[in-house]
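Trainee: model the following, please.
(2 chains)
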Amino acid sequence: MVLFGLGGLIYVAVLLINGIAILSEDRFLARIGWTTTAEPGFGGVRDDASVKARLVNLVSSIRTLMRIPLMFINTVIILYELILG
Amino acid sequence: MPPSQPQSGYGYQQQPQGAPAAGGGGGGYNMHPNFGGFMNDPTAQMGFQVGKSAVMAGQEYMEQNFGRLVSVSALKHYFNVSNSYVVNKLYIVLFPWWHRPWSRQQRLSNNGQDGYFLPPREDTNSPDMYIPMMALVTYILLKTLLAGLRGAFDPELLATTFFTSVFVLLLEIGIIKLGTLLLNISSTSQIFDLVAYSGYKFVGVIISLLLSELLGHLGVGGRWASWVIFLYCFSANAFFLLRSLRYVLLPDQNGQGVGGGAAGYTVARSQRNRRTQFLFVYSYVVQFGFMLWLSKV
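Mentor: Okay, here's the model as predicted:
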């Protein structure tokens, strides 16, 4: 057990972030309308306040921000699991 | 350009030749201004100054915000308690039903611009860190003591209980942060407030554990007695959180929709409804799960 159960927390967080990061933008997210690229119509007010818009924003931010760090984290965890797990 | 000059002559190597000509700014040799002439230009100087001051301002802002996040003086504010405050707060946490004013008191600072909240010593409704920390330590010791009374003591139990509690706290902070992000709540409260409020549930858990163990030793009641005690502690804590966090999560109670028109008002209304629902779910459903988990013997 890594650090009395905090290892489980780290694993869950990394797996969740991985799950968000592999959502493909043009194959999956665009099909269900979860992209920020969809422009509102003329005079349409873009609602940044709704929960869905916030979720979309969050997903795209995580995809953009965590792509490079996730590679390192995943590599470290895989090596750890191979050697010590 | 003389043909004898090498092709890389656009940079610094040309400086001894080009600097006297370009120094005047509007001289004849300003077709390829090298860096020396560029830096001497008054416009560039001004731009440089503006950029420097902007960077300085940004740095100052960052320092301020970072200092607000993890500064020691901010933490000291939460430990500024007195005996009467602790007694009153424990009473409020356990019997929140008749407590009347829930809003925190503010005091205007000297320039009259921005107020700051009174420390716990002077305001009973202010969150503090003393009670949650002491309750956390007491909870860990009590859990281990109960295990020892049952004859199942293990030194590792201390660490396990501690990490379980920290895990619960982290998870709660995560949930409430995600909620404020999704619901677009721009609250000015600090993260220490949330830590403090989520730590008050240890008081209820301790009381519930202690009383049910005591009743079990006396032989009064049975499983239902401990369930009744737990349910009372849970509902008291949930009510306390509902009332206290209302001022954290719903910052402007009546100022909502005053500036906007009818459309803005309805948007604010639906937003407010959702926030209230989130607050309810957080203080009743989420807290129920966590308290049940923590008070599981």
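Trainee: phi, psi of B:Q106?
Mentor: Reported as degrees, to the nearest 10, the phi and psi values for B:Q106 are phi -110, psi 150.
Trainee: how far away is it from chain A?
Mentor: Distance of B:Q106 to chain A, given as Cβ to the nearest Cβ, to the nearest Å: 27 Å. Every residue, glycine included, has its C-beta placed from N, CA and C.
Trainee: quick one, what contacts the most centrally placed residue in chain A?
Mentor: Central residue of chain A (Cα atoms, centre = their mean): A:I20, 3.0 Å from the mean position. For A:I20, the contacting residues are A:59, A:62-63, A:66, by Cβ atoms under 8 Å, 6 or more residues apart in numbering or on different chains.
Trainee: redo that, cut-off 7 Å
Mentor: Contacts for A:I20 (Cβ atoms under 7 Å, 6 or more residues apart in numbering or on different chains) come out as A:59, A:62-63.
Trainee: need the contact list for the residue of the stretch 1-150 of chain B found nearest chain A.
Mentor: Proximity of the stretch 1-150 of chain B to chain A (Cβ to the nearest Cβ) peaks at B:I140, 12.6 Å away. Residues near B:I140 by Cβ under 7 Å, 6+ apart: B:158, B:161-162, B:165.
Trainee: could you rerun that using 6 Å?
Mentor: With contact taken as Cβ atoms under 6 Å, 6 or more residues apart in numbering or on different chains, B:I140 is in contact with B:161-162.
Trainee: any idea which element it lies in?
Mentor: Taking DSSP states H and E as the criterion, B:I140 maps to helix B:130-149.
Trainee: how about A:I17, nearest residue that isn't a chain neighbour?
Mentor: Take A:I17 and drop its neighbours on the chain: the residue closest to it by Cβ to Cβ, 6 or more residues apart in numbering or on different chains is A:M66, 5.6 Å away.
Trainee: one step back: gap between the residue nearest to the centre of chain A and chain B?
Mentor: As for A:I20, its distance to chain B is 13 Å (criterion: Cβ to the nearest Cβ).
Trainee: narrow the contacts of A:I20 to those in helices?
Mentor: Taking DSSP state H, the ones among these that sit in helices are A:59, A:62-63.
Trainee: do you know the pLDDT at the residue nearest to A:I17?
Mentor: Per-residue pLDDT puts A:M66 at 86.
Trainee: closest one of the contacts of A:I20 to B:M129?
Mentor: Nearest to B:M129 among these, counting by Cβ to Cβ, is A:I62 at 31.1 Å.
Trainee: tell me who's in contact with the closest one.
Mentor: Contacts of A:I62 (Cβ under 6 Å, 6+ apart): A:I20.
Trainee: go on, B:V93?
Mentor: By Cβ under 6 Å, 6+ apart, B:V93 lies in contact with B:200, B:203, B:240.
Trainee: picking that back up, please export the C-alpha coordinates of the helix holding B:I140 as PDB.
Mentor: Output in PDB follows, covering the C-alpha atoms of helix B:130-149 (Å, rounded to 0.1, in the frame of the first residue of the first chain):
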ATOM      1  CA  TYR B 130      -8.800  25.400  16.100                       C
ATOM      2  CA  ILE B 131     -11.900  23.300  16.600                       C
ATOM      3  CA  PRO B 132     -11.400  21.200  13.400                       C
ATOM      4  CA  MET B 133      -7.800  20.500  14.200                       C
ATOM      5  CA  MET B 134      -8.500  19.500  17.800                       C
ATOM      6  CA  ALA B 135     -11.500  17.500  16.600                       C
ATOM      7  CA  LEU B 136      -9.400  15.700  14.000                       C
ATOM      8  CA  VAL B 137      -6.700  14.800  16.600                       C
ATOM      9  CA  THR B 138      -9.300  13.700  19.100                       C
ATOM     10  CA  TYR B 139     -11.100  11.600  16.400                       C
ATOM     11  CA  ILE B 140      -7.900   9.800  15.500                       C
ATOM     12  CA  LEU B 141      -7.100   9.000  19.200                       C
ATOM     13  CA  LEU B 142     -10.600   8.100  20.000                       C
ATOM     14  CA  LYS B 143     -10.900   5.700  17.100                       C
ATOM     15  CA  THR B 144      -7.700   4.000  18.100                       C
ATOM     16  CA  LEU B 145      -8.800   3.900  21.700                       C
ATOM     17  CA  LEU B 146     -12.000   2.200  20.800                       C
ATOM     18  CA  ALA B 147     -10.100  -0.300  18.800                       C
ATOM     19  CA  GLY B 148      -7.900  -0.900  21.800                       C
ATOM     20  CA  LEU B 149     -11.000  -1.400  24.000                       C
END
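Trainee: tell me which residues of that helix are tucked away?
Mentor: B:130-133, B:135-136, B:138-140, B:142-144, B:146-147 (16 or more other Cβ atoms under 10 Å in any protein chain shown).
Trainee: next helix or strand past that helix?
Mentor: Per DSSP H and E, the first helix or strand lying C-terminal to helix B:130-149 is helix B:156-182.
Trainee: tell me what angle the helix or strand just after that next one forms with helix B:130-149.
Mentor: Sequence order places helix B:191-199 as the next helix or strand after helix B:156-182, per DSSP H and E. Calculated by axes from the mean of the first three to the mean of the last three Cα atoms, to 10 degrees, helix B:191-199 forms an angle of 40 degrees with helix B:130-149.
Trainee: what's the mean pLDDT across helix B:191-199?
Mentor: For helix B:191-199, mean pLDDT is 85.
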